[in-house]
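*Asks:* Provided below are the primary sequence and the corresponding predicted coordinates.
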Amino acid sequence: MSRPLPLAAWRRHLAAGALAVAAVLAATLPAPVRADIPIQSVTIRSKLIEHFRIGRPEQIRFGGLTFLGGLELLAGNRHMGGLSGLVVSPDGARMVAVADNGLWLTAEIESAPDGRPLAVTGATVAPVLGPGGRALLDRGRGDAEALALRLDDAGSGAGTLFVATERDHNIYAFAWPLDPTTAGTALDLPAGIKQLRHNKAMEAVAFANSGPLQGSLLVIAERGPGFNSDLPGFLIGGATPGTFTVVRQDSYDATDASFLPDGDLLLLERRFTLRHGIGMRLRLLPASEIRPNALVTGHVLMEAGFSEQIDNMEGVSVHVNAAGETIVTLISDDNRSILQRTLLLRFRLDDSGPPASADRP
């Protein structure tokens, strides 16, 4: 029969358990930040990532994409981290990211002629201001998870930037180009969005600037009501507003989305399980399948895991370069953990069709 632990041993056991719980919470909850932080410049050091697959420098093609290059972003400022949403300007030279604790990160992306990212410079951090000019992180609404950009038809470069938050499910609209000193306005949302899970809600948000769904703001929840449930989707505005569902596959959760120039949707997915380990996937959902009451599956363009240079990938943005090539930029959320990294990765989309094997019987 086992002997009871001495009181001191029990205290050590409970303390260790508390630390373990704290570590889990730190990895899943936005870090607390003072609501009165000023707009401030941030120096970001960029460590080049030249090869996506570890130990295989000769491989540059991954599914339907070609790896252009990447950066590990390092900064001494504690506010630079936890990046959960990304928008890259139409020319690919500027980025706006949103942190899960309700902060903006704006910066320039320096690139080589072939599109390889070389450095992130001119970075600024500022609080996201909600209605009335009050910082989201001061309202208990700081869990910002997604960005989407609507561009004006006139080609002036003006538009609207949307920020989605979970726990308190809202989408806020800001004028584009972004002025971080201006306040956003809250959108009227479908009732179903308010019923999404507390911490598994609006992770993937995209605006269709072209294609069959032009004018629609699209939302896909990170997860459905249960672990194996399909993912709730919403079309807001546009010609065919309504709800749809995305098939959940292989324990992946939705983390972001961006429309391609032809109007199809690029869905970024992420998983972390004891069985599979860490994973990242890009799935293409054809615009023709995304309609009210539809069950959408699409097909996988690329999947990566421990053998590739990935982390907790949570943001995706698409732009077209001067050569007419479709460029995909990804960013990771490091949860402000010393065990994780903030990565910026770039790919060229060469083939958006299903893999050849999918056509075989």
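*Replies:* Thanks, I have the structure now.
*Asks:* show me where the stretch 1-150 of the chain has its strands.
*Replies:* For the stretch 1-150 of the chain, applying DSSP state E, counting those that start in this stretch gives strands covering 40-42, 44-49, 61-62, 65-75, 83-88, 94-99, 103-111, 117-127, 144-151.
*Asks:* how about residues contacting the third one?
*Replies:* Applying C-beta atoms under 8 Å, 6 or more residues apart in numbering, the set of residues contacting strand 61-62 from outside is 52-53, 67, 302, 304, 308, 347, 350. For every residue, glycine as well, the C-beta is placed using N, CA and C.
*Asks:* got it, and the last one?
*Replies:* Applying C-beta under 8 Å, 6+ apart, the external contacts of strand 144-151 come out as 84-87, 90, 96-103, 128, 136, 157-166, 176, 201-207, 209, 217, 222, 256, 314-315.
*Asks:* tell me which of the strands of the stretch 1-150 of the chain lies nearest to Leu295.
*Replies:* strand 144-151 (22.4 Å; C-beta to C-beta).
*Asks:* kindly export the strand or helix carrying Leu284 (C-alpha atoms) in PDB.
*Replies:* Under DSSP states H and E, the secondary-structure element containing Leu284 is strand 277-285. In PDB, the C-alpha atoms belonging to strand 277-285 read as follows (Å, rounded to 0.1, in the frame of the first residue of the first chain):
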ATOM      1  CA  GLY A 277       1.800  16.700 -33.600                       C
ATOM      2  CA  ILE A 278       1.900  20.200 -35.100                       C
ATOM      3  CA  GLY A 279       0.400  20.700 -38.600                       C
ATOM      4  CA  MET A 280      -0.500  23.400 -41.100                       C
ATOM      5  CA  ARG A 281      -2.600  23.000 -44.200                       C
ATOM      6  CA  LEU A 282      -3.900  25.200 -47.100                       C
ATOM      7  CA  ARG A 283      -7.200  24.100 -48.500                       C
ATOM      8  CA  LEU A 284      -8.900  25.600 -51.600                       C
ATOM      9  CA  LEU A 285     -12.700  26.000 -51.400                       C
END
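*Asks:* still on that earlier bit, out of the contacts of strand 61-62, the closest to Ala186 would be?
*Replies:* Closest to Ala186, out of all of the contacts of strand 61-62 and judged by C-beta to C-beta, is Phe347, at 34.2 Å.
*Asks:* what's the span of stretch 67-83, first residue to last?
*Replies:* Counting by C-alpha to C-alpha, to the nearest Å, you get 21 Å between the two ends of stretch 67-83.
*Asks:* and what of stretch 190-210?
*Replies:* Note: stretch 190-210 ends 23 Å apart using C-alpha to C-alpha.
*Asks:* likewise stretch 221-235?
*Replies:* 12 Å.
*Asks:* quick check: buried residues in it?
*Replies:* By neighbour count on 16 or more other C-beta atoms under 10 Å, the buried set for stretch 221-235 is 221-224, 230-235.
*Asks:* check stretch 145-154 too.
*Replies:* 145-151.
*Asks:* and for stretch 261-276?
*Replies:* Neighbour-count burial for stretch 261-276, with 16+ other C-beta under 10 Å as criterion, is recorded at 263-271.
*Asks:* between those, which sits nearest Gly279?
*Replies:* Of all the buried residues of stretch 261-276, Gly279 sits closest to Arg271, with 4.5 Å by C-beta to C-beta.
*Asks:* how far does the helix or strand harbouring that closest one sit from the chain's center?
*Replies:* Under DSSP H and E, the secondary-structure element containing Arg271 is strand 265-273. Centroid displacement of strand 265-273 relative to its chain, using C-alpha atoms, centre = their mean, to the nearest Å, is 9 Å.
*Asks:* and that strand, which strands flank it?
*Replies:* For strand 265-273, the paired strands and their directions (DSSP bridges) read strand 253-259 (antiparallel), strand 277-285 (antiparallel).
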